[in-house]
Structures are given as structure tokens and as C-alpha cells.
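**Student:** Sequence first, predicted coordinates after that:
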Amino acid sequence: DGGITQSPKYLFRKEGQNVTLSCEQNLNHDAMYWYRQDPGQGLRLIYYSQIVNDFQKGDIAEGYSVSREKKESFPLTVTSAQKNPTAFYLCASSSLAGDREQFFGPGTRLTVL
Amino acid sequence: GESVGLHLPTLSVQEGDNSIINCAYSNSASDYFIWYKQESGKGPQFIIDIRSNMDKRQGQRVTVLLNKTVKHLSLQIAATQPGDSAVYFCAEEDSGGSNYKLTFGKGTLLTVNP
């Protein structure tokens, strides 16, 4: 099956710890994205990448870091510098040609204890 | 800055009725629009999209209407079912730019009463 996967589904972190969220896609999409969603809110863009070894900051990049070493993978690290990290994190991917709808993973719910 | 917003944050309908969810956008350069459905605790699912060279597009039980004059987008769901209960987001893109970023609205919660 083609699709986009995220792991883990639930993640708990102590204050001051860094944590990495996984995102993998086998859709052969060039572009990948990370969003943050807070309760009752829309999606806010953290980082995005259009090509391997390159990525750009989104609207709320502070306290986060990413890497894009492989086309299929776009892990997100939530660092201790992120002041309010508890949220639902969504990864997406899209083609850069034709219809560019973004396909979303199932999300990771991060809770800071 | 440019933004995408929704007129109604919540919508409650009876099973079998038609639902209409509205979205206003302010970026006149946006030329690609998408509707997503998000069920509780899950990632958004693509429903239907439309390009600015069209004013209407139909899918299975869903229709998207685009009015570029007033920068308004709507999603119509025919014969609404309990399984349609979810949050619906509109998203816009300016494909003339090179960023390939979508801007999302805050969403409308649709509740279908049996």
C-alpha cells in the first residue's frame, strides 16, 4: 500500500528533553511538510522540504529542527527550546507537479509531562 | 498578511439533509483550493479540489463551488450521513509562487444528528 506513516502515535516527553518524530512516505513525493495542530485550531506549518538535503522554515519553526537525508523520510525534532510543545503533529507529502494536494499521515500526539 | 477563514465554526444538521460549509479567502493570487475532512484524532483526508479556472466541481456526494469575485469557497455535502461528522478545512495555494505551501483555515465542525 502506498501511503505516509508517522510514529509513534503517542509520545510523552519530560521537560528539557529533545524528541524526534518519524515520518515516512512511499508515494515518491518530492515535497514533505510538518504541521502543528492545537485543540480547536487549524494547521500551522513548521518546516517543509521540496528536495533531498534542503528544507525551509515555515511559520512556527522556532524550537524545531528537521533533516531530509532521504526522499522518503522527513524526521522532526522537537527541542527543549520549544516552549509549548504539547500538540498534535502532522506530516504530509505532495507532488510538485500536477495536482499538488497534500497527503497526510495519521499524526503523533506529543505530551510534555 | 493573507489568510483563509471560515464563516461558521460549527454546523449541526439532521441526517439526510444537505450541508454547506463556507470558506472565505483573501489572497487574490490563490489559484488552487482543497477541502479536507479530519476525524477526531486522525490526519486530514483529501475530499475534493478545484482550480481557479473552474467555478464548480463535483465528486461523490460532494460539490465545491468557487466564487472568485467575492473570494468565497463552499463545500456542499448531499444527504449528510453520521459518518460525515468531522472538522472540515479549506486550504489555498498560490501556485504561481515557488513555495508550494498550502494555507489552511481554522476549520468547521460538522455534527450530523441521527
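**Tutor:** Done, it's in.

**Student:** Could you double-check that residue A:75 lies in contact with residue A:18?
**Tutor:** No: the pair residue A:75 / residue A:18 is not scored as a contact, 11.7 Å apart, by C-beta atoms under 8 Å. Bear in mind the C-beta positions are built from the backbone N, C-alpha and C, glycine included.

**Student:** just the strands in chain A please.
**Tutor:** Remark: strands assigned in chain A by DSSP state E are A:4-7, A:10-13, A:19-25, A:31-37, A:43-51, A:54-57, A:64-66, A:76-78, A:87-94, A:103-104, A:108-112.

**Student:** What pairs with the shortest one, parallel or antiparallel?
**Tutor:** Counting by DSSP bridges, the strands paired with strand A:103-104 are strand A:87-94 (antiparallel).

**Student:** which residues of chain A score low on pLDDT?
**Tutor:** A:1-2 (pLDDT under 70).

**Student:** Write out the residues of chain B neighbouring chain A.
**Tutor:** B:32, B:34, B:36, B:41-46, B:49, B:89, B:91, B:93, B:95, B:99-102, B:104-107 (C-beta under 8 Å from any C-beta of the partner chain).

**Student:** How about chain B: which residue is closest to chain A?
**Tutor:** Relative to chain A, the nearest point of chain B is residue B:43 (3.6 Å; C-beta to the nearest C-beta).

**Student:** pretty sure that residue contacts residue A:104?
**Tutor:** Yes: contact between residue B:43 and residue A:104 holds when scored by C-beta under 8 Å: they sit 3.6 Å apart.

**Student:** Now for these two: what residues contact both?
**Tutor:** Residues touching both residue B:43 and residue A:104 (C-beta atoms under 8 Å, 6 or more residues apart in numbering or on different chains) are A:90, A:92.

**Student:** Would you mind checking the residues of chain B next to chain A for buried ones?
**Tutor:** B:32, B:34, B:36, B:43-44, B:49, B:89, B:91, B:93, B:100-102, B:104-107 (16 or more other C-beta atoms under 10 Å in any protein chain shown).

**Student:** in chain B, what secondary structure element scores lowest on mean pLDDT?
**Tutor:** strand B:4-5 (a mean of 52; mean pLDDT, DSSP states H and E).

**Student:** Within its sheet, name the partner strands of whatever helix or strand comes next after that strand and how each one runs.
**Tutor:** Tracing the chain past strand B:4-5, the next element assigned as helix or strand by DSSP states H and E is strand B:10-14. Its sheet considered, strand B:10-14 pairs with strand B:108-113 (parallel) by DSSP bridges.

**Student:** What residues sit buried inside the partner strand?
**Tutor:** In strand B:108-113, the ones that count as buried by 16+ other C-beta under 10 Å are B:108, B:109, B:110, B:112.

**Student:** which bits of chain A sit near chain B?
**Tutor:** So chain A meets chain B at A:6, A:31, A:33, A:40-43, A:45, A:48, A:50, A:56, A:58, A:90, A:92, A:94, A:96, A:99-107, A:109 (C-beta under 8 Å from any C-beta).

**Student:** and these, which are buried?
**Tutor:** Buried residues within the residues of chain A next to chain B, counting neighbours by 16+ other C-beta under 10 Å: A:6, A:31, A:33, A:42-43, A:45, A:48, A:50, A:58, A:90, A:92, A:94, A:100-105, A:107.

**Student:** so who does the residue lying closest to residue B:78 once chain neighbours are set aside touch?
**Tutor:** Nearest residue to residue B:78 in three dimensions, chain neighbours excluded: residue B:61, at 4.8 Å (C-beta to C-beta, 6 or more residues apart in numbering or on different chains). By C-beta under 8 Å, 6+ apart, the contact list for residue B:61 reads B:77, B:78, B:79.
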